[in-house]
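Asks: After the sequence you'll find the predicted model.
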Amino acid sequence: MKPPSPPLRLDRSMLGAVLMTGALVIALLLALWLFWNYELILDWKREANPLAFFLLMAVLPALGFPITPLFVLSGAMFGSALGLVGSLLAVAGNLLLCHWIAHSGLRPYLERLLARTRYRLPSFDGHQRSALQFTLLLRITPGVPLFIKNYLLGFSDIPLKLHFAVSMLLTGVYGAGFVLLGDSMLKHNLVEALIGAVILLVISLAVLLLRRWLRATAATSTRSRD
C-alpha cells in the first residue's frame, strides 16, 4: 500500500526564504525607484528597435548573459504589453536556440565542457512522470544559470514539448513580474510596481512549495521501491 505523502505546510525555513525574497524584491524596487536614470532610458526608448532588442534577448542568454535585466529593460523601453509579448517570444526563441545548439555539431564540445562540471544527467527511458519531475526540479533549482539549465535539458532525452511547456510557464511568469517592475520604474506607477512585486513573491512561495512536494514525492517513491 502506498504511504501517504507528508502534508505541505509553510515551515520556518520556507517562511524565512519567502521573507528574504520579499526583502530583496523590495530593496531592488527601492533602488530602481530612487536611482533609475529616467533620461537615459528615454533616450534608449526613442532609439530602440523592438525587433532588434528581442532578437538579442533570445540570443544573449544562450551565451550566458543573465535574462533578468533584459526583462526589466523590456518593460521600461516598450511598456508592459509589448514588453510581455516580446519577452515571451524571446524566451521561446532562446529555448529553441539552446535545444538546437545542444543537438548541433557543437554537442561533443559542450558535452566535454559539461563533463568538467558537477552536473550529470539521468536517463528516463520514456518515463514521462520522472522526466516532468526532473524538469520542474531543475527549473526551480536556485544558483544554476539559465543557459546551463537550457543546455542540460537539451542534452537530456526529455521530449522538447515537455520541457518547452514547463520552461515557458515558469520563466514566463517570473519574467512578467520583472517586466511590470521595469514599466513601473519609467512611469513611477506604484500600483504596477506592487503588482510586479506581488507576482514575484507569489512565484517564490509557489517554488518553495513545489520543491517541497517534489522532494516528498521522490522520498515516497524511494520507500515504495524498497
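Replies: Looks like it came in fine. Computed from a prediction, not measured in an experiment: that's the story for all the values here. Residues are numbered from 1 along each chain as shown.

Asks: CA only for contacts and neighbour counts going forward, please
Replies: Will do.

Asks: Tell me the buried residues in stretch 165-176?
Replies: Buried residues in stretch 165-176, defined by neighbour count with 16 or more other C-alpha atoms under 10 Å: Ser167, Met168, Thr171, Gly172, Val173, Tyr174, Gly175, Ala176.

Asks: Next, count neighbours for the residue lying closest to the fourth one once chain neighbours are set aside.
Replies: The shortest distance from Gly172 to any residue other than its chain neighbours is 6.1 Å, reached at Leu88 (C-alpha to C-alpha, 6 or more residues apart in numbering). Here the number of neighbours of Leu88 (other C-alpha atoms under 10 Å) works out to 22.

Asks: can you list contacts of stretch 161-170?
Replies: Residues outside stretch 161-170 that contact it (C-alpha atoms under 8 Å, 6 or more residues apart in numbering): Leu88, Val91, Ala92, Leu95, Leu132, Thr135, Leu136, Arg139, Leu153.

Asks: ranges for the helices of the chain?
Replies: When assigned using DSSP state H, the helices of the chain occupy the ranges 12-35, 38-47, 50-59, 68-102, 107-115, 128-140, 146-155, 160-187, 190-225.

Asks: Output these as CSV; include the columns mean pLDDT.
Replies: Conversion of those to CSV gives the following (pLDDT from 0 to 100):
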stretch, mean pLDDT
helix 12-35, 54
helix 38-47, 64
helix 50-59, 93
helix 68-102, 91
helix 107-115, 75
helix 128-140, 82
helix 146-155, 86
helix 160-187, 85
helix 190-225, 68
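
Asks: For my notes, please list the buried residues of stretch 165-176 in JSON lines and give distance to Leu208 for each entry.
Replies: As requested, those are exported to JSON lines (distance: C-alpha to C-alpha, whole Å):
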{"residue": "Ser167", "distance to Leu208": "17"}
{"residue": "Met168", "distance to Leu208": "19"}
{"residue": "Thr171", "distance to Leu208": "15"}
{"residue": "Gly172", "distance to Leu208": "18"}
{"residue": "Val173", "distance to Leu208": "15"}
{"residue": "Tyr174", "distance to Leu208": "14"}
{"residue": "Gly175", "distance to Leu208": "18"}
{"residue": "Ala176", "distance to Leu208": "19"}
